[in-house]
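1. predicted model and sequence follow; I will ask about them next.
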Amino acid sequence: MSAPRPVAALAAPAVREVRTAVRWGVQHGVPRLGVRRGARTGDLQSVLLADPATWREPYAFHERVRAAGPLLTGRFTCMSASHPVVREVLGGADFGVGALHDVPVPRLRRLLEWAGRDRPTHPVEPPSMLAVDPPEHTRYRRLVSKVFTARAVEGLRPRVEELAGELLDEVAGRGAGADAVRDYALRLPVAVIAELLGVPPHRREEVRAFEAGLAGSLEVAAPWRDVRAVDAALRGFDAWIGEHLRRLRRHPGEDLLSRLVAVTDDEADGGGRLSETELRATAGLLMAAGFETTVNLLGSATALLLQHPDQLGLVRADPSLWPGAVEESLRLETPVQLTSRRALRTTTAGGCEVRAGARVVLLLGAANRDPDVFADPARFDVRRANAREHLAFSAGRHFCLGAALARLEGQVGLRALFERFPDLRLAPGARRTTTRVLRGWRSLPVALA
Ligand code: HEM
């Protein structure tokens, strides 16, 4: 007969389930009710949260926000589609990140603290770098930047070229039925992140499985099913990364995570090191922030180039235009469509008052089509002189830490694809992603010859 399990062990899954339900209710369920009511009254922020049509085709919606002025004050939040205002808020000392799901009512906040007690580290909630303000952010970013240097990223170029070549060999083997997203855009960033984290090629699929699960972690007012799926993925990831870090400590490699572990373990001066939790959060953030974003860049740029043969002809004739094609794709089909900030004190943005505590939603995808900054903004132009002024990587202190790597993957990955298949064409059956924050293609069938 097996030994009886302690009561606490029997209760643990049930308690965890109750905690998840409470968290869902406070962070997603209550906002969902408000959002539905708001959408019926035409509140634009509620429409954005409630109507999937605005996620699939956001541009008409963006123009409604733009028409309302530099800063729209809605039922729950403020919102901006203006390039200068988005930039001002992202760079402003009066705005902080606040937790993605922060709750303004103290009693609900206490309930949430209880519900979040045994929760694994979340890539976009504290202590994640993306979700903290100075001074924590400054210390955290300084440490991670020590290993994520421009030189280290540039050093990855030959390996990214090699990985792209290997994956394209496999794409060629597929012949008819190849899919530029499933067979290539989805796989290159996984392979690159696995390199960063020191995961050997035969274990890449483990990384891929977590990334698929973490993608939903950016959504607010999400359905119960999705929140449970993200939680399960986070628990699995937490156990996996703990084990992986132990392995790297025993057998450090040349990868960035091994170096970050070394920096962390060396800087035992109390003020300048990452805790084990922060280290896990950083690995999770690199996965969550560096995966689907880059998939979307590769997928959208491939689609744009194939839909605009004249522009593709220009880059084929002059490969020095590849960086321009990447910037223009980031501008026109911005992979992270929006972010937000919370006012730390009563202040202004775009000349409008923003009260202390108010959240401002920043429509990066709309700012990147601001006609006052980008002439004829809906046109795809690989030679656009100011394409790099886009805000696809955000701005200010949270400017994407992986921007140089994303640019490298975009330039190397796209050039390799179009050089390998000079007659690449779109085939029927393309499908878009269906999320609000991340925009790209789920499937992009192609004919190789
Ligand atoms: C095309 C690809 C990418 C896009 C469009 C993108 C976009 C962004 C954006 C918009 C933010 C800031 C969000 C905010 O201000 O609220 C951000 C932050 C971040 N990204 Fe990226 N990203 C990409 C690729 C990557 C890659 C490849 C990595 C690393 C492997 C990465 C790592 C990070 C990190 C660590 C942060 C947090 C920086 C901080 O809070 O200081 N990103 N990214």
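-> Sure, I can see it.
2. what's the closest non-adjacent residue to the residue of the chain found nearest the ligand?
-> Taking C-beta to the nearest ligand atom, the ligand has its nearest neighbour within the chain at residue 402, 2.0 Å off. In short, each C-beta sits where N, CA and C put it, glycine included. Nearest-residue entry for residue 402: residue 290, 5.0 Å, with adjacent residues in sequence omitted and distances by C-beta to C-beta, 6 or more residues apart in numbering.
3. wait, doesn't the one you found sit right on residue 193?
-> Yes - using C-beta atoms under 8 Å, residue 290 and residue 193 qualify as a contacting pair, with a distance of 5.4 Å.
4. the more surrounded of the two?
-> For residue 290 and residue 193, the more surrounded residue by other C-beta atoms under 10 Å is residue 193, and the numbers stand at 26 against 23.
5. for the host helix or strand of that one, packing partners?
-> Using DSSP states H and E, residue 193 falls within helix 187-197. Using 3 or more C-beta pairs under 8 Å, 6 or more residues apart in numbering; DSSP states H and E as the contact test, the elements touching helix 187-197 are helix 157-174, helix 204-214, helix 256-266, helix 276-290, helix 292-307, helix 403-420.
6. quick one: average confidence on that helix?
-> Taken as a whole, helix 187-197 has a mean pLDDT of 93.
7. pull that helix out as PDB, backbone CA atoms only.
-> Presented in PDB, the C-alpha positions along helix 187-197 are these (Å, rounded to 0.1, in the frame of the first residue of the first chain):
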ATOM      1  CA  ARG A 187      11.600  28.200 -36.500                       C
ATOM      2  CA  LEU A 188      14.500  30.700 -37.000                       C
ATOM      3  CA  PRO A 189      13.800  32.800 -33.800                       C
ATOM      4  CA  VAL A 190      13.400  29.500 -31.800                       C
ATOM      5  CA  ALA A 191      16.700  28.300 -33.000                       C
ATOM      6  CA  VAL A 192      18.300  31.700 -32.200                       C
ATOM      7  CA  ILE A 193      16.800  32.000 -28.700                       C
ATOM      8  CA  ALA A 194      17.900  28.400 -28.000                       C
ATOM      9  CA  GLU A 195      21.400  29.500 -28.900                       C
ATOM     10  CA  LEU A 196      21.100  32.500 -26.500                       C
ATOM     11  CA  LEU A 197      19.900  30.300 -23.700                       C
END
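8. before we move on, back to that, which residues does the residue nearest to residue 402 contact?
-> By C-beta atoms under 8 Å, 6 or more residues apart in numbering, the contact list for residue 290 reads 189, 192-193, 196, 402, 405-406.
9. out of those residues, who's the most crowded?
-> Across the contacts of residue 290, neighbour numbers were computed from other C-beta under 10 Å; residue 189 holds the maximum, 28 neighbours.
10. report the contact partners of it.
-> For residue 189, the contacting residues are 290-291, 294-295, 298, 409, taking C-beta under 8 Å, 6+ apart as the criterion.
11. these: which ones sit near the ligand?
-> The overlap between the contacts of residue 189 and the neighbours of the ligand (C-beta under 6 Å from any ligand atom) comes to 290, 294.
12. can you list the contacts of residue 189 in CSV and add distance to residue 277 and pLDDT?
-> As requested, those are exported to CSV (distance: C-beta to C-beta, whole Å; pLDDT from 0 to 100):
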residue, distance to residue 277, pLDDT
290, 20, 88
291, 21, 90
294, 26, 96
295, 27, 96
298, 32, 98
409, 28, 98
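13. which parts of the stretch 151-300 of the chain sit against the ligand?
-> 193, 285-286, 289-290, 293-294, 297.
14. dump the residues you listed into a markdown table; add distance to residue 305 as well.
-> Output for these, formatted as a markdown table (distance: C-beta to C-beta, whole Å):
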| residue | distance to residue 305 |
| --- | --- |
| 193 | 24 |
| 285 | 30 |
| 286 | 28 |
| 289 | 25 |
| 290 | 23 |
| 293 | 19 |
| 294 | 17 |
| 297 | 12 |
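15. now, which of the residues you listed sits nearest residue 377?
-> Checking those against residue 377 with C-beta to C-beta, the nearest one is residue 297 at 18.6 Å.
16. look up how far residue 403 lies from that closest one.
-> From residue 297 over to residue 403 the distance is 11 Å, taken as C-beta to C-beta, to the nearest Å.
17. again with residue 193
-> Computed with C-beta to C-beta, the distance linking residue 193 and residue 403 is 15 Å.
18. got it, and residue 234?
-> Counting by C-beta to C-beta, the gap from residue 234 to residue 403 is 25 Å.
19. more neighbours, the two?
-> The residue with more neighbours, out of residue 234 and residue 403, is residue 234; 21 against 14, by other C-beta under 10 Å.
20. doesn't that one lie inside a strand?
-> No - inclusion of residue 234 in a strand is not indicated when DSSP: H, G, I helix; E, B strand; the rest coil is applied; the result is helix.
21. check contacts around the residue lying closest to it once chain neighbours are set aside.
-> Nearest in space to residue 234, with sequence neighbours left out and distances taken as C-beta to C-beta, 6+ apart, is residue 120 at 4.5 Å. With C-beta under 8 Å, 6+ apart as the criterion, the residues that contact residue 120 are 231, 234-235, 237-238.
22. how does it look with 7 Å?
-> Neighbour list for residue 120: 234-235, 238 [criterion: C-beta atoms under 7 Å, 6 or more residues apart in numbering].
23. surely it forms part of a strand?
-> No - the assignment for residue 120, made by three-state DSSP, is coil rather than a strand.
24. can you pull the phi/psi pair for residue 81?
-> Here the main-chain torsion angles of residue 81 (degrees, to the nearest 10) amount to phi -110, psi 10.
25. host element of the nearest residue to it once chain neighbours are set aside?
-> Nearest residue to residue 81 in three dimensions, chain neighbours excluded: residue 366, at 3.5 Å (C-beta to C-beta, 6+ apart). Per DSSP H and E, residue 366 falls inside helix 364-367.
26. other SSEs contacting that helix?
-> Helices and strands in packing contact with helix 364-367 are listed as helix 59-67, helix 83-91, strand 338-343; criterion 3 or more C-beta pairs under 7 Å, 6 or more residues apart in numbering; DSSP states H and E.
27. for these, give me a markdown table that also has mean pLDDT and mean neighbour count.
-> Output for the helices and strands packed on helix 364-367, formatted as a markdown table (pLDDT from 0 to 100; neighbours: other C-beta atoms under 10 Å):
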| stretch | mean pLDDT | mean neighbour count |
| --- | --- | --- |
| helix 59-67 | 94 | 16 |
| helix 83-91 | 98 | 21 |
| strand 338-343 | 94 | 21 |
